[in-house]
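Student: sequence and predicted structure are below.
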Amino acid sequence: MSARATAGELIPGFYAEDERERWLVKDRIMVKGLAWGRPRDGHPEGRVGLHVADLLRLIDEWGERDPRRRELRFISLVHDSLKWRVLPWLTKRGHNHHAARARRFAAGYTDDERLLATVALHDAPYAVWRHMRHTGEFDSERFQRMLGDIPDLALFLRFVELDGSTAGKDGEPVEWLREQLARHTAAT
C-alpha cells in the first residue's frame, strides 16, 4: 500500500456514514494504522483495514440499527488502529497497549465514555480468559475491576462478540465472557 493510501483503499467497501467518520478516516494517524499489519494469529487477514472491513460487514449482516450501529462502527474503526504505535521493546501493557493508545486517539473524536471504555478494554476479557487457561485460576478481582470500568456492558459485550466473530478468532473466550456476565448478573 502506498503512503498516500485512502481509507477506501485500506477498508474495502468503506464509505463514511457521518461527519465524524469522514474526519476520522482522513486523519494521517488513522490511515497509517489501517495500513499496518501482516497475517498473524488471530488476524489472518493481515492489515488492520481488512479486519475493520470484516467488522463493518458483520455490523451490516447483523442488522444493527442506529444509534448502536454508529457506535459499533466508530469502535470498529479505531479499536486496533494504534497497533503500529506500540513500542515492541516495551511490555504491551498500560500506556503501551494498543487499546490504551487507541482510546487516547479516539478521545480526539468523542467524549462518550461508553465508546472510549469499550475501545480501551476490548481485549481485557481475552486477557483474563487466557490467564485462566494458562494458570487454571480465574482472576475474579481483575475481572471485577474490568466490569467496574465499563459504563455500558451491553455495548461492550456486543463489540467483543463482533470482534471475536472474524476469521482466525477463537469463539471460546467470547462464550466464556457471556457465561461470566450471566453469573455476574445473577449475583447482583
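Tutor: Yep, it's here.

Student: how much space between the residue lying closest to Val174 once chain neighbours are set aside and Ala7?
Tutor: Distances taken as CB to CB, 6 or more residues apart in numbering put Gly164 closest to Val174, at 4.0 Å, once the chain neighbours are dropped. Quick note: C-beta positions are derived from backbone N, CA and C, even for glycine. Distance, Gly164 to Ala7, by CB to CB, to the nearest Å: 24 Å.

Student: tell me which of these two has more neighbours.
Tutor: Ala7 (22 against 19; other CB atoms under 10 Å).

Student: looking at it, the more buried one is touching Gly49, isn't it?
Tutor: Yes. Checked against CB atoms under 8 Å, the pair Ala7 and Gly49 is within contact range at 7.5 Å.

Student: what do these two both touch?
Tutor: Leu34 (CB atoms under 8 Å, 6 or more residues apart in numbering).

Student: for the longest helix along the chain, what is the average pLDDT?
Tutor: Assignment by DSSP state H gives helix 172-187 as the longest helix of the chain. On average, the pLDDT along helix 172-187 is 92.

Student: do stretch 68-76 as well
Tutor: Confidence over stretch 68-76 (mean pLDDT, whole number) is 98.

Student: next, the buried residues of it.
Tutor: Arg69, Arg70, Glu71, Leu72, Arg73, Phe74, Ile75, Ser76 (16 or more other CB atoms under 10 Å).

Student: kindly report the same for stretch 151-168.
Tutor: Buried residues in stretch 151-168, defined by neighbour count with 16+ other CB under 10 Å: Asp152, Leu155, Phe156, Leu157, Arg158, Phe159, Val160, Glu161, Leu162, Asp163, Gly164, Thr166.

Student: now render these as a markdown table, adding secondary structure, distance to Glu172 and pLDDT.
Tutor: Output for the buried residues of stretch 151-168, formatted as a markdown table (DSSP: H, G, I helix; E, B strand; the rest coil; distance: CB to CB, whole Å; pLDDT from 0 to 100):
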| residue | secondary structure | distance to Glu172 | pLDDT |
| --- | --- | --- | --- |
| Asp152 | coil | 24 | 97 |
| Leu155 | helix | 22 | 98 |
| Phe156 | helix | 18 | 98 |
| Leu157 | helix | 15 | 97 |
| Arg158 | helix | 18 | 98 |
| Phe159 | helix | 18 | 98 |
| Val160 | helix | 13 | 97 |
| Glu161 | helix | 13 | 97 |
| Leu162 | helix | 16 | 97 |
| Asp163 | helix | 14 | 94 |
| Gly164 | coil | 9 | 93 |
| Thr166 | coil | 15 | 85 |
